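Engineer: quick check, what structure comes out for this input:
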Amino acid sequence: MYILGINAFHGDSSACLVKDGILIAAAEEERFRRVKHWAGFPSEAICWCLEEADISIEDVAHVALNQDSQANLSKKIAYMLKKRPDFGMLFDRFRNKRVRAGVAEHLAVAFPEVTFAGTVHAIEHHAAHLSSAFHASPFDEAVVVSVDGFGDFASSAWGVGRGININVEERVYFPHSLGIFYQALTQFIGFPNY
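Structural biologist: Numbers count the residues shown, from 1 in each chain. Okay, the predicted model is just below:
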């Protein structure tokens, strides 16, 4: 069974292909588009992964996307009610979500000659990070940690991976972020973004 993993719609977009638990191919979209930290749908990286495996998008049973708009929804709503952010910013966020096509639509554009008939799974951002590290490791049990800017309203998550399961024990939520703090410091001393 083939599973296509997609990191899409924000910086460093990429794709990977797994067959029966074994990583077959992985690539960042910036390698094909020649734009550093390219953000968007990684159609070229997906094409390359499929070519490496000598398969078509029709052969993919599942697509895992590294974001889930429903994740941490109660935290998002509580923050919005408590902090009352600028409505212009909220309107822009909702408009961007509505304008953004779904994975199935993007796959239809990238592969017009065939039809993707598999299932798309929205995976919470940090669960995707934890899985990409733990499930590709040689360990049957390990502590897992994800720290970055933000994804699905959280900036960090940690827990324990055992076998095929990952138990996320805790998260750090917006607005607190070591990743954003790191970015602010590096920009202050003159490094470019990221």
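Engineer: mind checking pLDDT for residue 127?
Structural biologist: At residue 127, the pLDDT value in this model is 94.
Engineer: is the residue lying closest to it once chain neighbours are set aside in a helix, a strand, or coil?
Structural biologist: Spatially, and ignoring its direct neighbours in sequence, residue 127 is nearest to residue 168 (6.4 Å; C-beta to C-beta, 6 or more residues apart in numbering). C-beta here means a position set from N, CA and C on the backbone, and glycine is covered the same way. Recorded secondary structure, residue 168: strand (DSSP: H, G, I helix; E, B strand; the rest coil).
Engineer: just residue 61 next, same as before
Structural biologist: Residue 61 is classified as strand under three-state DSSP.
Engineer: my read: it touches residue 121, true?
Structural biologist: No: look at residue 61 against residue 121 with C-beta atoms under 8 Å: they stay out of range, at 10.8 Å.
Engineer: the more surrounded of these two?
Structural biologist: residue 121 (14 against 11; other C-beta atoms under 10 Å).
Engineer: next up, the contacts around the more buried one.
Structural biologist: 62, 63, 64, 65 (C-beta atoms under 8 Å, 6 or more residues apart in numbering).
Engineer: buried ones among the residues you listed?
Structural biologist: Buried members of the contacts of residue 121, scored by 16 or more other C-beta atoms under 10 Å, are 63, 64, 65.
Engineer: per-residue pLDDT of residue 21, please?
Structural biologist: Residue 21 is given a pLDDT of 83.
Engineer: what's the burial count for it?
Structural biologist: By other C-beta under 10 Å, neighbour count at residue 21 equals 10.
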